[in-house]
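Undergrad: Let's see this in three dimensions:
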Amino acid sequence: MLHSRKGRFLQLGFLFLLTGIGFAGASKEESPVKKNLTWWQQQKEAKRSTVLLNNQTNAVPILNLEQKIASLSLGASQSILFDSLLNKYTTVTSLNGESLAKDTLTLGLAGYLAPYKKVIVQIPAEELQYLPNLSLLKRLQAQRKLLLAVYGKKELLPLADAIMAPMVWTEEESPASAHYVAQIFFGGTAAQAKLDRTYSQKYQQGLGATTQISRLTYGVPEELGINSSDLQQPIDAIVGEAIQQKATPGAVVMVVKDGTVIFNKAYGSHTYDNSEPTQVDDIFDLASLTKTSASTVALMQLYDHKKVDLNAPLGTYIPSVGQTNKASLKVKQVLLHESGLPAGVSLPVGAQDLQKSPSEQFSVQLADSLFLSKDYFKEVLWPRMVQSKLQTPGKYVYSDLTMYFMKEVIERQAKAPLQEYVQQEFYAPLGMQTAGYLPLLRFEKSRIVPTEKDTYFRKTLLQGYVHDGGAARVGGIAGHAGLFGTANDMAILHQMLLNKGSYGNQQYISPETVELFTSRQSSVSRRGLGFDRWDPDTSKHYPSQLASSQTYGHTGYTGTCVWVDPARNLVYIFLSNRVYPSVSNKLNTLKIRPRIQDAIYKALDKANPTADMGS
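TA: As a prediction, the model looks like this:
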């Protein structure tokens, strides 16, 4: 099933939130900071007046994101904003009761909703007095799929006496309350309020369930005492310079502080002709972020399950290297790039290896009209890697071969293809909606940011096909490259790592394993296990001048990076397509990524001058 841009309109309310547009109670003349402060005040008021009722089964927050969920509006005025927030956590189908009237004449609305495991119904309180609405809610309630978001004065609570399903009741029907209530359903914010008095025999004073924050919160910098202008102005200027200097046609920048998304902005366009403006939910070729966001997290979990021993030789897990110089290389050495593996090997492709149309023999798709022989891997690529000459063991040499071998280890120990393993174990349960390989099988091309106009191998614009030539030769699914995704997906995954392996009340990786892999494990380089890290040679200012010594993450060749700084409880994400239309090094020479990272630290330090840098 292809996912189109239609759902982007549901994101508009939240985009307005982050750019300071259209907040209730804020005039057009107000500064962005004042608008954000107004918004934050409205959020605090919503928090005080919003109560979670009937949650004896702890159905809220929703834990299982691998089920079909619908959001049904029965006259709610803020459904677009509400649904945009729900869709930050998982795919939620938006339905409108009025527009569905014709579609449901035969089945009835309850029958129409039958495929969904959970239905979040948004409804103004006064609508509860109408029998058709109440009958529908009772039917959904009987099927144990109903969750309610009700807007109205608490004096109307007696209208809900027949409701047994979990219900979030808030006083005002406003953008701020819709924003707050939506996040309660997925643990993005906490329910804390109690009924201030008795409203009916059922809803008595003191009732109200409490929940804990367990997933990302979406807010504004002012909630954390940070001036939004101190973030936006320098980041705008730096990214603007990158676009003006043609270092990249566009980019997305995201900042997560203390588990709250405080900055999420898209810049420029997919290409320099400005025909397709960049959106915050655009899908990027993540390049070497694949190494950490797919291969390394998979290895971490397998290590937890005692299916991978870091001190075991490769020959233990990969029989085909058993009689080669790779057999005795330790897994840990390989992950640290200290095993002696070369930086790369030549992978020639001859005319006999290619065909313009698919066939049984030529089934590895490189581009729309270019297919590689299915035997290329076993006859050319793998033999050249296995037989490659080793360099000096113990010396740091960054090698893409590392993750070719780790992919083999993962798949043999997991007994599943890498792409299926990470989807099943991480992306789907975490609520990562776009992360994965081969995005053209799942999304419209327009959602995917193009990379290079390849003039030397595939001779076409690469859009949805992996940029890395080695990953292309294995069908787009590799351990070192091939992963595509959005900034929000990267935020979810890396917040899980920052949380020591926990997210949404589920432990994906043990805290000890997260600490082991992300901390410095080498005496000759800055590297962790699979992760890049802060460089102890402070003259290099890597990954940025102000990053703490605890910082870990990775960069990607296409112009991407994700850096996690536990000392500051911070995740910084930068996604771009700097290789469009052809490879350019300007993003690096202009130091765009580290300068943005330093601008973030300066904004944090201005808000909290006594912060411990953790260095």
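Undergrad: Could you measure from the residue nearest to the spatial centre of the chain over to Y199?
TA: When the chain is reduced to its mean C-alpha position, the nearest residue by Cα atoms, centre = their mean turns out to be D489, at 0.9 Å. In this structure, D489 and Y199 are 42 Å apart, going by Cβ to Cβ, to the nearest Å. For the C-beta atoms, the positions are set from N, CA and C on the backbone; glycine is no exception.
Undergrad: Checking M432 next. Helix, strand or coil?
TA: Taking DSSP: H, G, I helix; E, B strand; the rest coil as the rule, one finds M432 in the coil state.
Undergrad: State the pLDDT value of it.
TA: With respect to pLDDT, M432 has a value of 98.
Undergrad: ok, for it, nearest residue in space, not its chain neighbours?
TA: Leaving aside its sequence neighbours, M432 sits nearest to D489 (Cβ to Cβ, 6 or more residues apart in numbering; 4.2 Å).
Undergrad: Surely the one you found and G436 touch.
TA: No: using Cβ atoms under 8 Å as the test, D489 is too far from G436 to be in contact (9.1 Å).
Undergrad: Measure how buried the nearest residue to G225 once chain neighbours are set aside is and give me the count.
TA: Setting aside the residues directly before and after it, G225 is nearest to A607 in space (Cβ to Cβ, 6+ apart), at 4.8 Å. Here the number of neighbours of A607 (other Cβ atoms under 10 Å) works out to 17.
Undergrad: how many neighbours does the closest residue to K117 other than its chain neighbours have?
TA: In this structure, K117 finds its nearest non-sequential neighbour in Q67, 3.9 Å apart by Cβ to Cβ, 6+ apart. Q67 has 12 neighbouring residues, counting by other Cβ under 10 Å.
Undergrad: and Q67, what pLDDT?
TA: The model reports Q67 with a pLDDT of 97.
Undergrad: As a check, name the ranges of all helices in the stretch 101-250 of the chain.
TA: Listed in chain order, the helices of the stretch 101-250 of the chain (DSSP state H, counting those that start in this stretch) span 108-112, 131-142, 175-184, 228-244.
Undergrad: Could you identify which of those helices is most buried?
TA: Ranked by mean neighbour count under mean count of other Cβ atoms under 10 Å, those are led by helix 175-184, which reaches a mean of 26.
Undergrad: which strands and helices sit next to that one?
TA: Applying 3 or more Cβ pairs under 8 Å, 6 or more residues apart in numbering; DSSP states H and E, one finds that helix 175-184 contacts helix 12-19, helix 32-49, helix 79-86, strand 146-151, strand 167-170, strand 217-218.
Undergrad: contacts for the shortest one?
TA: To tie it back to what came earlier, the one meant is strand 217-218. Under the criterion Cβ atoms under 8 Å, 6 or more residues apart in numbering, residues F14, L17, L85, K88, H179, Q183, G188, T189, G259, T260, V261, N264 lie in contact with strand 217-218.
Undergrad: at 6 Å instead, please
TA: Identification of contacts with strand 217-218 by Cβ atoms under 6 Å, 6 or more residues apart in numbering yields G188, T189, G259, T260, V261.
Undergrad: what's the pLDDT at the second one?
TA: Among the per-residue scores, T189 holds a pLDDT of 97.
Undergrad: Low-confidence stretches in the chain?
TA: Within the chain, the stretches with pLDDT under 70 are 1-30, 99, 101-107, 611-615.
Undergrad: gap between the residue lying farthest from the centre of the chain and N133?
TA: Checked against the mean C-alpha position of the chain, the extreme residue using Cα atoms, centre = their mean is Q201, at a distance of 44.4 Å. Noted for Q201: a distance of 22 Å to N133, by Cβ to Cβ.
Undergrad: hmm, back to that, excluding its backbone neighbours, what's nearest the residue farthest from the centre of the chain?
TA: D161 (7.6 Å).
Undergrad: Look at the residue nearest to the centre of the chain and give its secondary structure.
TA: Classification of D489 by three-state DSSP places it in helix.
Undergrad: Tell me if I'm right that it and G431 touch.
TA: No: D489 lies out of contact with G431 (Cβ atoms under 6 Å); the separation is 8.8 Å.
Undergrad: if you go through the stretch 251-400 of the chain in chain order, where are the helices?
TA: Secondary structure of the stretch 251-400 of the chain, counting by DSSP H, counting those that start in this stretch: helices at 289-290, 297-304, 314-317, 331-335, 376, 382-386.
Undergrad: now what about the first one, what contacts it?
TA: Put plainly, it is helix 289-290. The list of residues contacting helix 289-290 from outside it, by Cβ under 6 Å, 6+ apart, reads A481, G482, L483, H554, G556, T560.
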